[in-house]
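[1] Sequence and predicted structure, then a few things I'm wondering about:
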Amino acid sequence: MSKRTHTREDQRQRTEFYESGKILDADPATRHLSVCWICTLRIDYEQAPGTTTDSHTLDHYYPVEDFPELQKDPDNFRHAHFDCNSSRGKGDAERGLGDPMPSWW
């Protein structure tokens, strides 16, 4: 049986976290705070959360299955692509190296 809860409060937190990511993404100075923490690439905030592979999902750094007491803790929340979060499951994230350096560098 899953230890995850699905309450109105959980949904409110997910929506609030998505909206905060959308605001961060809109400003080039804070955009780096809204990228996918797993692959470090930009998330498509124009799509509704969880609807495309590049859309936003709230990922828990410490999996809810192992740490149910941290499910509602905002310090455990991370912005992630739907696909990256799904691929990760509850295992450790294989973090991306980011964008390659330009050839002229």
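    Structure's in. What do you need?
[2] residue ranges for the helices of the protein, please.
    Assigned helices in the chain, in chain order: 8-26, 82-88 (criterion: DSSP state H).
[3] Any chance of JSON lines for the ones you listed, columns distance to C39, mean pLDDT and mean neighbour count?
    Heads up, the C-betas are built off the backbone N, CA and C, glycines and all. Listed next are the helices of the chain as JSON lines, based on distance: least, CB to CB, whole Å; pLDDT from 0 to 100; neighbours: other CB atoms under 10 Å:
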{"stretch": "helix 8-26", "distance to C39": "15", "mean pLDDT": "96", "mean neighbour count": "15"}
{"stretch": "helix 82-88", "distance to C39": "5", "mean pLDDT": "91", "mean neighbour count": "18"}
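[4] Which of these sits closest to D54?
    helix 82-88 (7.1 Å; CB to CB).
[5] Using PDB, write out every CA atom in that closest one.
    Output of helix 82-88 as PDB, limited to C-alpha atoms (Å, rounded to 0.1, in the frame of the first residue of the first chain):
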ATOM      1  CA  PHE A  82       7.400  14.600 -16.200                       C
ATOM      2  CA  ASP A  83       9.600  12.200 -18.100                       C
ATOM      3  CA  CYS A  84      12.700  12.700 -15.800                       C
ATOM      4  CA  ASN A  85      10.600  12.200 -12.700                       C
ATOM      5  CA  SER A  86       8.900   9.100 -14.200                       C
ATOM      6  CA  SER A  87      12.200   7.600 -15.200                       C
ATOM      7  CA  ARG A  88      13.800   8.200 -11.900                       C
END
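[6] Tell me how far that helix lies from the chain's centre.
    9 Å (CA atoms, centre = their mean, to the nearest Å).
[7] which residues touch it?
    With CB atoms under 8 Å, 6 or more residues apart in numbering as the test, helix 82-88 has contacts from 36, 38-39, 49-57, 59, 80, 93-94.
[8] which two in the residues you listed are spaced the farthest apart?
    Longest span within the contacts of helix 82-88, CB to CB: T51 and E94, 23.9 Å.
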